[in-house]
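> Take this sequence and fold it.
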Amino acid sequence: MSSSLLVTVILTAFAWPLCIATFNVPNTTQSFFAYLAVAQFFAFATTSPLNGVILWCVEPEQRTLSMALAVVGMHLLGDVPSPILVGAMLENLPDKSLTMT
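A predicted model of the protein is given here:
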């Protein structure tokens with residue numbers, strides 16, 4: 001289990017700088033999408049080790065329920081508040097030229 005958590009930490013350590021670099025590269029569409037693709041690869045690659053850790057932490061009879069609760073938790077913490085938070089951040093940006101619109 002600890003090796004899966006280590007893989008997750010390493011992948012996250014690669015993903016965050018690439019996510020930040022995506023918005024700091026020169027303004028070319030190709031470089032933006034190249035950085036974005038690599039950053040998303042590393043960000044989404046963390047899900048398999050995390051799912052493994054979740055499955056290893058519960059009894060075999062409870063694995064279905066644990067994965068269901070994990071998915072619900074991820075959606076409640078990620079999908080539900082993210083549009084609200086991003087909208088609030090965009091409304092409060094002092095320099096609207098930083099957005100892609």
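> Past whichever helix in the chain runs longest, which element shows up next along the chain?
The residue-count maximum for a helix in the chain (DSSP state H) belongs to helix 2-22. The first helix or strand that comes after helix 2-22 along the chain, using DSSP states H and E, is helix 29-44.
> Against Thr8, how distant is the most centrally placed residue in the chain?
Nearest residue to the geometric centre of the chain (C-alpha atoms, centre = their mean): Ala43, 4.8 Å. Distance from Ala43 to Thr8, counting by C-beta to C-beta, to the nearest Å: 11 Å. Bear in mind the C-beta positions are built from the backbone N, C-alpha and C, glycine included.
> returning to what we had before: wait, what's in contact with the residue nearest to the centre of the chain?
Ala43 makes contact with 11-12, 15, 19, according to C-beta atoms under 8 Å, 6 or more residues apart in numbering.
> Great, nothing more from me.
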